[in-house]
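Peer 1: Here is my input, please return the structure:
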Amino acid sequence: MQQVKLISADERLVFELSGEIDAATSEDFYAQVSAAYNHDKKDVTFDCAALSFIDSTTLGTFVKIFKMLRQDGNNMLLDRVRPNVKKLFDICALNTIMEIRS
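Peer 2: Predicted coordinates:
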């Protein structure tokens, strides 16, 4: 199952995330997002409704993406984040620097 899918590139890049993104798949996740972003630099939204699990490696990948976007003056939104995934962002206080919606 594909875990990262670019579903819109109109006003912002919108990626649909699904399944599990962990240490084994986080490099592919970053590569797909950064390739699309470097082709069309604009704000990014991650639709996380179907994202069931992330680990600490994936948290680091989100931080890496966040920093890349901010350097260019763009924003990142994690939308429709499940409670179990949002909890990891909250524990690491990433919810204080990133826009995260349930």
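Peer 1: Strands along this protein, start to end?
Peer 2: Counting by DSSP state E, the chain has strands at residues 4-8, 13-21, 44-54, 76-79, 99-100.
Peer 1: now this protein, which segments are flagged as low pLDDT?
Peer 2: Along the chain, segments meeting pLDDT under 70 span 1-2.
Peer 1: got TSV for the strands of the chain, with distance to Phe29 and mean neighbour count too?
Peer 2: For every residue, glycine as well, the C-beta is placed using N, CA and C. Below are these laid out as TSV (distance: least, C-beta to C-beta, whole Å; neighbours: other C-beta atoms under 10 Å):
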stretch	distance to Phe29	mean neighbour count
strand 4-8	5	14
strand 13-21	5	20
strand 44-54	9	19
strand 76-79	13	20
strand 99-100	17	16
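Peer 1: With respect to Val63, which of those strands lies nearest?
Peer 2: In terms of C-beta to C-beta, the element of the strands of the chain nearest to Val63 is strand 76-79, at 10.1 Å.
Peer 1: What lies in contact with the closest one?
Peer 2: By C-beta atoms under 8 Å, 6 or more residues apart in numbering, the residues outside strand 76-79 that reach it are 43-49, 62, 65-66, 69, 89, 98-101.
Peer 1: try 10 Å
Peer 2: 12-14, 17, 33, 37, 43-49, 51, 62, 65-70, 85-86, 89, 94-95, 97-102 (C-beta atoms under 10 Å, 6 or more residues apart in numbering).
Peer 1: Reformat the strands of the chain as JSON lines; add distance to Glu27.
Peer 2: Below are these laid out as JSON lines (distance: least, C-beta to C-beta, whole Å):
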{"stretch": "strand 4-8", "distance to Glu27": "11"}
{"stretch": "strand 13-21", "distance to Glu27": "10"}
{"stretch": "strand 44-54", "distance to Glu27": "14"}
{"stretch": "strand 76-79", "distance to Glu27": "19"}
{"stretch": "strand 99-100", "distance to Glu27": "23"}
